[in-house]
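Undergrad: sharing a model that was predicted from the sequence below.
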Amino acid sequence: MSRVVPQSVSGRFRRIKWAILVLALSIYYVTPFLRWDRGPNAPNQAVLLDFANGRLYVFPVEIWPQDLYLVTGLLIFAVAILILSNALAGRVWCGFTCPQTVWTDLFILVERRIEGDRRQRLKNMDSGWTVARLIRAGAKHAVWLLISLVTGGTLIFYFTDAPSFIRALASGNVSATALTWITFFTGTTYGLAGFAREQVCTFMCPWPRLQGAIWDPEALTVNYRDYRGEQRVSAKKAADLRARGEQAGDCVDCGLCVNVCPIGIDIRDGPNFACINCGLCVDACDGVMTRLARPRGLIDFESWTNIERGHRSEAPVSQLVRRKTVALAIITVGLVGGLAALLATKATGAMAVLHDRDPLAITLSDGAIRNAYTVKLLNKADVVRHYTLAIEGIDASMTIVGNDGGTITIEPNGSESLRVTLTMANPRDSKVVFIAKDEASGTVLSASDRFVVR
């Protein structure tokens, strides 16, 4: 398979892509250095995935392993956004904001600045190696590797304190594990953005196949208005045909739409699952139409149903607001509201109870039954909590092994496991509720289990 060598193009969609590229890369490279004051007992990096302590910090939000449902909700929200964007504009995510697209655009920009545009690079490929070409190729790969190294190193910053890690790198005091991961991410960026490029979008990414399964004919996708463009003839021949009153299409078959495509497809052949909806062919075609004093939009973001209406000489109809998009928008807003509510009501503590299994119950000499439990209390707050433990649901005496005072002190972001026994004089199988209360903050935690007699 021949390598795709896209040509540079200017236009509104190219400008939008540049703006998104700058914004996305700025967010990626700057975010690990943002600070957020969480107090003396927590890290001050705004976004940090702390594997060692099992925490995910995102500005004021602190997610523990017990809060995995929030991450699940966020992933569902991301899927809803992706499906909604697909219903509105097809693979617009792929064409503008996908990391593969963003970094590939950056690498192609470097390539063009050093080796020239498409015509020059194709000429270089067909000619032999010279000293000048070797120098340019070496410079290109050096810049690619530098970008890849910065990208891989920045990704590590999300898992550790960025300034501290930079100082460790400068002093050479970095673990082999960290260096291995930096090398891996550097190589991945270099390989995918420098060489694989469109092959990732076409063959490695599963989204084109999934998108094809949920393809929506009302979505605004890049399409060729063939009813206007055919038959394809040169500008001079089209003028002659029109002068004689004969039909001639607006497409002059210049091939620029194919040359600028980062995937290397010809959108004039019809909808293609590999098209990432980047709009660069729209910019290229609009430029040609402007120079020929013909209407723009021969290739444009248009729904397939409107293409079919054009075949019937009917006026186009916008169907962006329809039952499907409204329902998806409601679902998306509902997910945002649900996640916000869960975050607002997220507990700053947790309690779990585990009943002893062997034995389940012990019969005492006076006929009473004793059950034993392990009660684990977790303090997610950045302050010390003093809990008192009680039970509800049964008439039994409770003993906390090794704790005569009754108060359970848990340090900030700490946990405590307690050995608890319940003794019932008139035993019966019953549900028992353990309640831990911190009088200072009013925090109440609860967990239930069973009291069994056998």
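TA: Perfect, thanks for sending it. The structure presented is a predicted model; accordingly, all values stated were derived computationally and were not measured.

Undergrad: for Gln66, report the pLDDT, please.
TA: Gln66 carries a pLDDT score of 84 in this model.

Undergrad: do I have it right that it meets Met351?
TA: No. Counting by Cβ atoms under 8 Å, Gln66 sits too far from Met351 to count as a contact (10.4 Å). The way it works is simple: take the backbone N, C-alpha and C, and place the C-beta from them, glycine included.

Undergrad: for those two, indicate the residue with more neighbours.
TA: Using other Cβ atoms under 10 Å, the more surrounded residue of Gln66 and Met351 is Met351, with 19 against 15.

Undergrad: count of residues packed around Arg410?
TA: Check again: residue 410 is Ile, not Arg. 19.

Undergrad: same for the helix or strand harbouring Asn223, what does it pack against?
TA: Here Asn223 sits within strand 221-224, counting by DSSP states H and E. Strand 221-224 sits against strand 299-302, helix 304-311, with contacts defined as 3 or more Cβ pairs under 8 Å, 6 or more residues apart in numbering; DSSP states H and E.

Undergrad: possible to save these as TSV with mean neighbour count, mean pLDDT and distance to Asn403?
TA: As requested, the helices and strands packed on strand 221-224 are arranged in TSV below (neighbours: other Cβ atoms under 10 Å; pLDDT from 0 to 100; distance: least, Cβ to Cβ, whole Å):
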stretch	mean neighbour count	mean pLDDT	distance to Asn403
strand 299-302	20	97	68
helix 304-311	16	95	70
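
Undergrad: out of those, flag the one nearest Val30.
TA: strand 299-302 (31.4 Å; Cβ to Cβ).

Undergrad: contact partners of the closest one?
TA: Here strand 299-302 makes contact (Cβ atoms under 8 Å, 6 or more residues apart in numbering) with 89, 220-225, 257, 267-268, 277, 279, 281-282, 284-286, 316.

Undergrad: using JSON lines, please lay out the helices and strands packed on strand 221-224 together with distance to Arg14.
TA: Conversion of those to JSON lines gives the following (distance: least, Cβ to Cβ, whole Å):
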{"stretch": "strand 299-302", "distance to Arg14": "14"}
{"stretch": "helix 304-311", "distance to Arg14": "24"}
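
Undergrad: now do the strands in this structure.
TA: Under the criterion DSSP state E, strands of the chain are mapped to 47-50, 55-58, 61-63, 221-224, 299-302, 349-355, 362-363, 369-379, 385-392, 397-400, 407-410, 415-424, 430-438, 443-451.

Undergrad: give the residues shared as contacts by Gln66 and Met351.
TA: Residues touching both Gln66 and Met351 (Cβ under 8 Å, 6+ apart) are Leu378.

Undergrad: of the contacts of strand 299-302, just the buried ones, ChimeraX syntax please.
TA: Restricted to buried positions by 16 or more other Cβ atoms under 10 Å, the ChimeraX selection for the contacts of strand 299-302 reads:
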select :89,220,221,222,223,224,225,257,267,268,277,279,281,282,284,285,286
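
Undergrad: helices and strands of the protein: which one bottoms out on pLDDT?
TA: helix 207-213 (a mean of 82; mean pLDDT, DSSP states H and E).

Undergrad: which one's the longest helix in this protein?
TA: helix 131-157 (DSSP state H).

Undergrad: hmm, back to that, so which of the helices and strands packed on strand 221-224 is nearest Arg15?
TA: Closest to Arg15 of the helices and strands packed on strand 221-224, according to Cβ to Cβ: strand 299-302, at 15.2 Å.

Undergrad: from the chain's centroid, how far away is that closest one?
TA: Strand 299-302 sits 27 Å away from the centroid of its parent chain (Cα atoms, centre = their mean, to the nearest Å).

Undergrad: partners of that strand in the sheet?
TA: strand 221-224 (antiparallel) (DSSP bridges).

Undergrad: domains in the chain, by residue range?
TA: 12-66+93-213, 349-451 (automatic domain parsing).

Undergrad: that older thread, put the alpha carbons of the strand holding Asn223 into CSV.
TA: Taking Å, rounded to 0.1, in the frame of the first residue of the first chain, the C-alpha atoms of strand 221-224 are listed here in CSV:
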residue,chain,number,x,y,z
THR,A,221,-20.9,14.5,6.8
VAL,A,222,-18.4,15.4,4.1
ASN,A,223,-20.2,14.6,0.8
TYR,A,224,-19.7,15.4,-2.9
